[in-house]
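Colleague: Please find the sequence and the predicted model below.
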Amino acid sequence: MTPALRSPTDGGLPALLRARSAVAAVFALNGLAMANWISRVPAIRDELGLTPGDVGLLLLAMSAGAVLALPSAGAIVLRIGPARTVAAGGIAACTGMLVVGVGGGAVSTAMVAAGLFAFGSGAGVWDVAMNVEGADVERCLERTIMPRFHAAFSLGTVAGAGTGALAAAADVPLDIHLTAAAALILAGVLMSARFFTPVAPAAKPADTADRRHPLAAWREPRTLLIGLMVLAAALVEGTANDWLALALVDGYGTSHAVGAVGFGVFVAAMTVGRISGTSLLDRFGRVVVLRSCTGLAIVGVMVFVLGGSLALALAGTALWGLGASLGFPVGMSAASDEQRYAAARVSVVASIGYTAFLAGPPLIGLLGDRVGVLRALLVILVALVLSLAVTGAARPLPVVAATRD
């Protein structure tokens, strides 16, 4: 039986506050999972003896898993609810993370690729479900909080980057590090999902008379433009996730541990941007804030690549992180402006956005083989210009359209 949309009063305020904390927890755990293995990319590269182009192709396995899983994520959420979808995605992602660690320790590129595919599939479905749940809680509270959920994701990545830096500095084997991390993260996901907002009884037939075709959201210009905005944001953020540590190691001659610290600076800056972004969005609106963030990201990327010193590179990293902080969460909020269509639209927007993870790693890797990883990062300036062009689509829907039953 398909779960119906939930009411703001289901379970009362205490249940809603528990759901808010649970959503923040699963966002944080998603970031923790991502950063734990990303921070060990230099070690995986060295263990497997890969070139930058090889690393790009390897990362493509994770992106392929996500892109293949995402189109069905909205339907899965509608069928079994966000809580069960997050749990299922967490199981798949953590299993993949474990396989990545074992494959790295066994020097098996094929095993690492298989683990990344499973990780991408699970994390993609998990991502859509937690954003749908987060948008639902945001509507119930009647104030902007989605960036804070994504700040929780960033806090998770900070913790994961720190864990990875310590593991790298202590030469902890990949299999031990990632297996332990996967087990702890999965336990947290399964526990947190139990406190999501309750699903209301199934809707009556009269309430679902206007139910649309599952693919209808793919024909909406606004949804597609939001998807392009999220694609640009995902490329700007995802490129840093995949390549920033390697760019510092190869471009500035730093150690693996310093590369992981640089990644930590990026995600810490994103966290600050997302925590402070809620009040800025409520005061100035989505479009003004997003365009300002894009300008910061442009400056940050240029300073990171062209600065010429590690100190300037880290300063550019901080600006890059601040600028990249709000595009993804605001895109998800914009896609969720109408509750009854939120799952389908978030699935579409996420599917478009995640193509950045499909195209980005091989693109940067191939350019890195020719001009070096550091210089190759300049290509994301194209994505930032695209973001400026389509940001207007994120304007909130009129109140009447956004709240009709």
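Modeller: Received, thanks. Numbers count the residues shown, from 1 in each chain.
Colleague: what's near enough to touch M34?
Modeller: 123, 156-157, 160, 241 (CB atoms under 8 Å, 6 or more residues apart in numbering). The C-beta positions use only the backbone N, C-alpha and C, and glycine is treated the same way.
Colleague: Could you check how far it is from R286?
Modeller: Distance, M34 to R286, by CB to CB, to the nearest Å: 25 Å.
Colleague: swap in S192?
Modeller: S192 is 28 Å from R286, by CB to CB.
Colleague: who's more crowded, these two?
Modeller: S192 (25 against 21; other CB atoms under 10 Å).
Colleague: so what's the more buried one scoring on pLDDT?
Modeller: We have a pLDDT of 95 for S192.
Colleague: ok, for it, nearest residue in space, not its chain neighbours?
Modeller: Spatially, and ignoring its direct neighbours in sequence, S192 is nearest to A25 (4.1 Å; CB to CB, 6 or more residues apart in numbering).
Colleague: Contacts only, for the one you found.
Modeller: So A25 contacts 152, 188, 192 (CB under 8 Å, 6+ apart).
Colleague: got it, and L310?
Modeller: 248, 252, 254, 258.
Colleague: Could you report the pLDDT at it?
Modeller: L310 carries a pLDDT value of 92.
Colleague: can you check R6 too?
Modeller: At R6, pLDDT is 47.
Colleague: Same check on T208?
Modeller: 45.
Colleague: A233 too?
Modeller: 90.
Colleague: tally of neighbours for it?
Modeller: Neighbours of A233 under the rule other CB under 10 Å: 30.
Colleague: And for the one 4 residues further on?
Modeller: Applying other CB under 10 Å, we find 28 residues neighbouring E237.
Colleague: Now the phi/psi pair for it, please.
Modeller: phi -80, psi -50 (degrees, to the nearest 10).
Colleague: what does F196 give?
Modeller: phi -60, psi 160.
Colleague: before we move on, what about T51?
Modeller: phi -90, psi 170.
Colleague: For the nearest residue to it once chain neighbours are set aside, list the residues it contacts.
Modeller: Of all residues not flanking T51 in the chain, D369 sits nearest, at 6.2 Å (CB to CB, 6+ apart). Contact partners of D369, counting by CB under 8 Å, 6+ apart, are 51-53.
Colleague: Go through those residues and name the one nearest A217.
Modeller: When the contacts of D369 are compared for distance to A217 (CB to CB), G53 wins out at 35.7 Å.
Colleague: in which helix or strand would I find that closest one?
Modeller: helix 52-69 (DSSP states H and E).
Colleague: Counting neighbours, what do you get for V382?
Modeller: Applying other CB under 10 Å, we find 11 other residues in the vicinity of V382.
Colleague: Now do it against A66, distance only.
Modeller: As judged by CB to CB, V382 and A66 stand 22 Å apart.
Colleague: Provide a list of residues in contact with the spatially closest residue to A159 that is not a sequence neighbour.
Modeller: Using CB to CB, 6+ apart and skipping residues adjacent in sequence, the residue nearest A159 is L32, 5.6 Å away. By CB under 8 Å, 6+ apart, the contact set of L32 is 156-157, 159-160, 163, 181, 185.
Colleague: One more pass at 6 Å, please.
Modeller: 156, 159-160, 185 (CB atoms under 6 Å, 6 or more residues apart in numbering).
Colleague: and the residues you listed as a markdown table, adding pLDDT?
Modeller: Compiled in a markdown table, these are given as follows (pLDDT from 0 to 100):
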| residue | pLDDT |
| --- | --- |
| G156 | 89 |
| A159 | 88 |
| G160 | 88 |
| I185 | 96 |
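Colleague: Which single one of these is nearest to R291?
Modeller: G156 (27.4 Å).
Colleague: name the element that closest one belongs to?
Modeller: Assigned by DSSP H and E, G156 belongs to helix 146-169.
Colleague: Check which helices and strands that helix is in contact with.
Modeller: The helices and strands touching helix 146-169, judged by 3 or more CB pairs under 6 Å, 6 or more residues apart in numbering; DSSP states H and E, are helix 12-38, helix 109-141, helix 256-284, helix 327-335.
Colleague: coming back round to it: go through the contacts of A25 and say which is closest to A167.
Modeller: So of those, ranked by how close each gets to A167 (CB to CB), first place is G188, at 18.8 Å.
Colleague: wait, doesn't that closest one sit right on L29?
Modeller: Yes: here G188 lies in contact with L29, judged by CB atoms under 6 Å, at a distance of 4.9 Å.
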